[in-house]
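Engineer: could you work out the structure for the sequence below:
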Amino acid sequence: MERRRLATIWLGGCSGCHMSFLDLDEWLFELAQHIDLVYSPLADVKEYPDHVDVALVEGAVANEDHLHLIRQVRERTRILIAFGDCAVTGNVTALRNPLGAPEALLHTIYIERAEIAGCLPHAPGIVPQLLDKVQPVHKVVPVDVYLPGCPPPAPRIRALLEQVIAGEDIRLTGREMIKFG
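Structural biologist: Residues are numbered from 1 along each chain as shown. The predicted structure follows:
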């Protein structure tokens with residue numbers, strides 16, 4: 001059986017989907033026999049590699065760094081999976097959208113409501129520029145599979161990854177595989 005090149009990506013979100021991934025517990029040892037984890041916040045890899053078989057993308061696209069990375073991920077990945085409700089719909093990350101332009105929001109939070117001398121977070125190359133609107137992944141690049149859940153439970157993630165390992169077309173059927181929340 002051919003080893004798959006797997007990446008996990010964390011955009012704008014809480015990392016709950018990655019925590020749920022880690023809830024696969026002992027099955028992670030079996031998974032490691034079938035995949036090479038080539039990019040992840042769980043590994044110290046700085047550049048997104050070429051020729052990735054499957055990417056689990058957690059979170060919504062909220063800033064310029066996310067935008068650059070998700071385009072790179074799509075270009076270099078065969079199967080892109082929107083991993084969790086933020087990636088699928090924008091969910092909690094997109095709650096800032098009705099509040100208006102990011103500059104006004106940042107000014108309110110960091111200047112007007114600061115308890116001590118407030119200042120805007122600004123460090124080019126360190127603090128990425130916020131996008132005007134937070135977007136779910138499919139609004140920016142094509143998505144091949146949607147894995148809903150906030151976060152998706154470990155059994156759902158395992159069922160998906162078992163299909164990946166087997167080289168099968170990914171099919172999520174039944175209420176327990178496709179419900180949100």
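
Engineer: what's the closest non-adjacent residue to residue 92?
Structural biologist: residue 86 (6.3 Å; C-beta to C-beta, 6 or more residues apart in numbering). All C-beta atoms are positioned from the backbone trio N, CA, C, and that covers glycine.

Engineer: contacts for the host helix or strand of that neighbour?
Structural biologist: In this assignment (DSSP states H and E), residue 86 forms part of helix 85-89. Residues from elsewhere that reach helix 85-89, judged by C-beta atoms under 8 Å, 6 or more residues apart in numbering: 11-14, 17, 57-60, 82, 91-94, 136-138, 146-151, 180-181.

Engineer: please redo it, this time with the cut-off set to 10 Å
Structural biologist: Contact with helix 85-89 is made by 9-14, 16-17, 56-62, 70, 80-82, 91-94, 134, 136-139, 143, 146-152, 180-181, as judged by C-beta atoms under 10 Å, 6 or more residues apart in numbering.

Engineer: among those residues, which ones are buried?
Structural biologist: Neighbour counting over the contacts of helix 85-89 (16 or more other C-beta atoms under 10 Å) leaves 9-14, 16-17, 56-62, 70, 80-82, 91-94, 134, 136-138, 143, 146-152 as the buried ones.

Engineer: quick one: contacts for the spatially most central residue of the chain?
Structural biologist: What sits nearest the mean C-alpha location of the chain, by C-alpha atoms, centre = their mean, is residue 58, with 1.6 Å. Neighbour list for residue 58: 8-21, 41, 81-87, 137, 147, 151-152 [criterion: C-beta under 10 Å, 6+ apart].
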